[in-house]
Structures are given as structure tokens and as C-alpha cells.
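Enquirer: Here's a sequence, model it:
(one chain, ligands or ions: 1)
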Amino acid sequence: MQRRSFLKSIIAAATGPMLFNGCSTSFLACRKINIGVIGFGRIASTMDVPNTIKYLDKCRFVAVAEVDAKRREYGKKFIQDQYRKLTGESAAEVKTYADYRQMLLDPSIDAVMVCVPDHWHAIIATDAVISGKDVWLQKPFTQTIEEGRILRDLAIARGTVMQVASWQRSRPQFAQVCELVRSGRIGNVVRVEVGCGLDKPGGSSQRQPIPENLDYDRWLGPTDPTQPYNETRVHTQDLKRIFTRPGWIQLEPYGWGMITNWGAHQIDVAQWGLGKDDFGPESVEGTAEWMPTSNGRLWNVHTKYDLHYSYNAGKTDVNVSHKYPMGIKFIGEKGQWLYCMRGATATPSDPKDAKAGRMMPLMASDKKLLEPLAANSPYKVHTSNDHWVNWLDAVLARDPSMTVTNASIAQRTATACNLGYMCMKLGRKIEWDAKEEKCLTVAALPLIKPFERGDYNLSRAYKAL
Ligand SMILES: NC(=O)c1ccc[n+]([C@@H]2O[C@H](COP(=O)([O-])OP(=O)(O)OC[C@H]3O[C@@H](n4cnc5c(N)ncnc54)[C@H](O)[C@@H]3O)[C@@H](O)[C@H]2O)c1
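Expert: Next up, the predicted model:
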């Protein structure tokens, strides 16, 4: 489909009479949210669809868009099986699309869950916003800082209800530590130790035939189309192993490694606790090592890293490193500390976390520091007890302010993660004007730009702004 005609079509669809987003709340109360899933891989099948579909009174999964035909059919069957179990329906209607843009043209779809690799986030999410859909977007928000700014500005301008999947904001231990820190329980925070994990080298650079079921060119999207196909660049072709970590997640330019992968969770909480949701660091400096790609190995993201982010005019050092356990430790001026992590919860991205079950989700240098705040404390943070239902409720209320990880928050988190990536990539200090959202390090400016290739670009978003 040509770009111009697609833009016209989605704008027409977005203003059509059937559109859910433009309707009054009373109309919304009359029916459930019709959801389409874009990208049906590991996270859609193990996390996003199972965690959402069970809210039968709030939503209905009606469509799947996938560039891999095997996974497209798998997604359809997965949803039908879920409805069979949940409601006894024999064959729920689930439309399938090879091109997500066709799905966006369907005015009966109210909202989409975007569960694609990171290099596709900005283009798909901006198209979804332009077409008037509310959006669940997997983290990290976008792949580059400029992409993030465009998506955030567009989502705000269009009143999109957006939730980004930094779901630790909906877990009580993270919320509790953040509000205690914000209330001054440990005094001024001088240091935050952030554990973000470590990737391991691997993959294969050997060219393999492209599976017939995969539209590989579209999977590559805005990135270099000449890269040879290998299953370890993309995702497993064995549907029984769909829950396994895809190769791209440790391969530039599709993923930047742990700094944006787990950073979207951990740095997000560090900024939350420091009260920097609408701001960010002043600079980042540090060291990193990179994966060896000798002997035909493919994956190439950073391995060990030790980054120092400066906040509060240098008074707070946020130390993000592989050397800490996977959590966030806020340390006050007198040495008292508060610590939060997922604890015993294994996750799809870390099913075998060695620390799971061995560390408590909430800890402090002195138990008394954990005394909760009064219910009416001004330091209580905006949280929820279920990230997925928080989004559904916000969509039903058509209230973008209800989501706990909205576009503004997620864009600031992604920016901080990106600055860390840029520091590692260039091996130098990166300076950032958080107020103006400007990178002051000229050498880093090329790394801020959006990803584009031919028709895979953000021109529709720029026009729509
Ligand atoms: N929130 C979390 O805890 C968490 C954990 C891990 C990963 N993630 C994020 O979830 C997202 C998905 O990761 P995953 O592990 O499921 O990856 P995956 O590779 O298993 O699945 C992604 C799917 O998207 C499809 N896809 C790619 N381009 C597409 C396009 N243009 N249109 C339609 N489908 C397309 C792929 O074919 C694939 O099936 C990523 O952004 C990742 O960073 C989030």
C-alpha cells in the first residue's frame, strides 16, 4: 500500500462514525474493547494476551497482525483456545493480517497491543495513534530518542490512551520504595545502584534460506535489508519454543541490549523514585565491553557495563551496572537504604533468574524505614495492582491520565536508557539538557535519529503532528 493512500485511509477510518475512540463514555459502557494484537511472539503469547484476555467483561481479542504466517495462525488458534477455555466458545472469530496497516483500517478495532521487536515500535505505534486506536506498547518505548519524542507528542496531541509495558510500576514493592524515597525517608538520595543484568554472546552469522512463512523484508522494516537471514537473527521457527528469547534482542540495530531491555524496567523505577518522570539525567559516563563476534557468532550488543548517570546537578549518582543484582537500591546521605526487586517472581525474560526466590522483593537497611506512608500522604505515587487491567480501565474511561506508564513517562525512561547506550557506543561522556530534551554532545547526534528505510519511516507521524 502506498504511504499517501494509507495516510488518507487511516485518517478516514479514525474519523468514521463507528470509531470507539471518538465516542462518548456512555457508548463505551455499552460494549467491550475490541483488541488487535500486532506481533504474536514470545511476549504476546506468554504475557500480554494471557494477562488481558481473562478480563472478559472488559475486552475481546478480535485480530492478529503478524509478518510470520506460522505465528499468525498460531496467534489466532491461541486466542480461540483461550476463549474455548474461558467461555466454552467453539471457534471465536479472529481476523488475521500480514500487514498491520490493514488491521488499523478496521474501525471496529478500538485498541491494539504492539508486541513487536524494538526497531518497529515507533512506526507501528505512531500509525496506531494516527488511526485513532488506543495503544498498549511493549517496552522500550522506542528505539531512538527522536522516535520517542514524536510518538509521545503525537499520543498526547491525539488523546491516545497509552500504556507502556514497564509493568514494575504496577507491583507494590516498587511503588512503596519509590514513595518512601520521595517522602524523604532516607533523606537526600546520593546514590542509586541499578542492576540490569547481562547478555551472553551467541547466535550464528551463517546465511540460511528465508522460511517461506516469513516476510523477512518486512520483519527487517526500517533497518538494513541486506542482512542475511539466520533464525538466530529473528526468532525461533519452532512454535513449541515460541516462549524462548528471540535472537534479535541481543543484536543491534534491533535491540540495544540490557541497557534498553531491562533498563526500561529498572532505570524507569530509579527515575520514578527520584521524582524524575518528567525530566532526566544531566549526563552519563562509564565503561562497557562488547560481545565477541568471532567464530561466526552473530549477537553484538554490550556485555559488562558500569555507567554513572548524574542527576540533581551531580548530587545523585545513578550507577547502572551488570554487577548488581536485578533490582534498584536507593542510598541516602547517611547511608540508609531502601531496595526493591522482583524477588521470587520469575519472568518470561528471566525464567531462570538465579536470584529469584533468594532475595526479598523489598528490603531496607532498617526495617523501620519500610513503615508505609499514610493513605493521604502527598508522596503516594500513581500505581495500580494490575498493569494490563489498568490500561483496559483507562481505555474504557477514555482517560489517558489513568495509565500508570503513559507516553510521557515511558519516553523519559527510554531517553535515559538511550543515553546510556550512546555513552557505551561512543565510549565517551554524553551530556544532556533534560529540560530542553537536547543532546549537548555533538558526536552523539546521529544516534538520536529515527530508523528509516524507504516506506518504513515516520513521515506519516511528522505530517500528523
Ligand atoms: N515487558 C516485558 O517484561 C518484556 C520482556 C521481554 C521483552 N519485551 C518486549 O516485547 C516485545 C516483543 O518481544 P518478544 O520477545 O515477544 O519478541 P518475538 O520476536 O518473540 O516476537 C515479536 C513478534 O513480532 C513479529 N513482528 C515483527 N515485525 C512485525 C511487523 N511489522 N508487523 C507484525 N508483526 C511483526 C515477529 O514476527 C514476532 O513474531 C519487544 O519490544 C521486547 O523488547 C518486554
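
Enquirer: from memory Thr413 sits against Asp268, does it?
Expert: Yes - proximity of Thr413 to Asp268 meets the contact threshold set by CB atoms under 8 Å, at 4.2 Å. For every residue, glycine as well, the C-beta is placed using N, CA and C.

Enquirer: Between these two, which contacts overlap?
Expert: Jointly contacting Thr413 and Asp268 under the rule CB atoms under 8 Å, 6 or more residues apart in numbering are Ser166.

Enquirer: Enumerate the residues of the stretch 1-150 of the chain near the ligand.
Expert: Residues of the stretch 1-150 of the chain that fall close to the ligand, judged by CB under 6 Å from any ligand atom: 38-43, 65-68, 71, 100, 115-118, 120, 138-139.

Enquirer: Which of those fall within strands?
Expert: Here DSSP state E is the test, and these give Ile38, Ala65 as lying in strands.

Enquirer: Buried subset of the residues of the stretch 1-150 of the chain next to the ligand as a PyMOL selection?
Expert: PyMOL command restricting those to the buried ones, with burial defined by 16 or more other CB atoms under 10 Å:
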select buried, resi 38+39+40+41+42+43+65+66+67+68+71+100+115+116+117+118+120+138+139
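
Enquirer: was I right about Asp366 contacting Gln336?
Expert: Yes - under the criterion of CB under 8 Å, Asp366 lies in contact with Gln336, with a separation of 6.5 Å.

Enquirer: out of the two, which sits in the busier spot?
Expert: Neighbours were tallied for Asp366 and for Gln336 using other CB atoms under 10 Å; the higher tally belongs to Gln336 (16 against 10).

Enquirer: residue contacts, the more buried one?
Expert: Under the criterion of CB under 8 Å, 6+ apart, the contact partners of Gln336 comprise Arg185, Ile186, Gly187, Ala364, Ser365, Asp366, Leu369.

Enquirer: neighbours around Ser401, how many?
Expert: Using other CB under 10 Å, Ser401 has 9 other residues around it.

Enquirer: and it, backbone torsions?
Expert: Per-residue torsions, Ser401: phi -80, psi -10 (degrees, to the nearest 10).

Enquirer: Quick check, central residue of the chain?
Expert: For the chain, the residue nearest the mean C-alpha position is Lys139 (0.5 Å; CA atoms, centre = their mean).

Enquirer: what's the nearest residue to that residue if we skip its chain neighbours?
Expert: Nearest residue to Lys139, sequence neighbours excluded (CB to CB, 6 or more residues apart in numbering): Ala264, at 3.7 Å.

Enquirer: in the strand or helix carrying Val192, what counts as buried?
Expert: Secondary structure assignment for Val192, by DSSP states H and E: strand 189-195. Of the residues in strand 189-195, those buried under the neighbour-count criterion (16+ other CB under 10 Å) are Val189, Val190, Arg191, Val192, Glu193, Val194, Gly195.

Enquirer: Which members of those are the farthest-apart pair?
Expert: Put simply, by CB to CB the two of those set farthest apart are Val190 and Gly195, 18.0 Å from each other.

Enquirer: What is the neighbour count of the nearest residue to Arg297 once chain neighbours are set aside?
Expert: Nearest in space to Arg297, with sequence neighbours left out and distances taken as CB to CB, 6+ apart, is Pro201 at 5.5 Å. Using other CB under 10 Å, Pro201 has 17 neighbouring residues.

Enquirer: And Ser294, by the same measure?
Expert: Neighbour count of Ser294, defined by other CB under 10 Å: 7.

Enquirer: One more: Ala407?
Expert: For Ala407, the tally of surrounding residues (other CB under 10 Å) stands at 26.

Enquirer: And for the one 10 residues further on?
Expert: Counted with other CB under 10 Å, the burial measure for Cys417 works out to 29 neighbours.

Enquirer: Can you list the residue ranges for helices in the stretch 251-400 of the chain?
Expert: Using DSSP state H, counting those that start in this stretch, the helices of the stretch 251-400 of the chain run over 258-261, 263-273, 387-397.

Enquirer: Now distance to Leu465, mean neighbour count and mean pLDDT too, for those, in TSV please.
Expert: As requested, the helices of the stretch 251-400 of the chain are exported to TSV (distance: least, CB to CB, whole Å; neighbours: other CB atoms under 10 Å; pLDDT from 0 to 100):
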stretch	distance to Leu465	mean neighbour count	mean pLDDT
helix 258-261	24	27	98
helix 263-273	24	27	98
helix 387-397	23	22	98
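
Enquirer: and the ones you listed as TSV, adding distance to Ile331?
Expert: Output for those, formatted as TSV (distance: least, CB to CB, whole Å):
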stretch	distance to Ile331
helix 258-261	21
helix 263-273	11
helix 387-397	28
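
Enquirer: Of those, which is nearest Leu56?
Expert: helix 387-397 (11.0 Å).

Enquirer: Show me what the closest one is packed up against.
Expert: Helix 387-397 is packed against helix 25-30, strand 33-38, helix 49-53, strand 134-137, strand 162-164, with contacts defined by 3 or more CB pairs under 8 Å, 6 or more residues apart in numbering; DSSP states H and E.

Enquirer: Could you identify which of those is most buried?
Expert: Comparing the helices and strands packed on helix 387-397 by mean neighbour count (mean count of other CB atoms under 10 Å), strand 162-164 comes out on top with a mean of 31.

Enquirer: got the angle for the next helix-or-strand element following it vs helix 263-273?
Expert: On the C-terminal side of strand 162-164, the closest following helix or strand by DSSP H and E is helix 172-182. Here helix 172-182 runs at 40 degrees with respect to helix 263-273, directions being taken by axes from the mean of the first three to the mean of the last three CA atoms, to 10 degrees.
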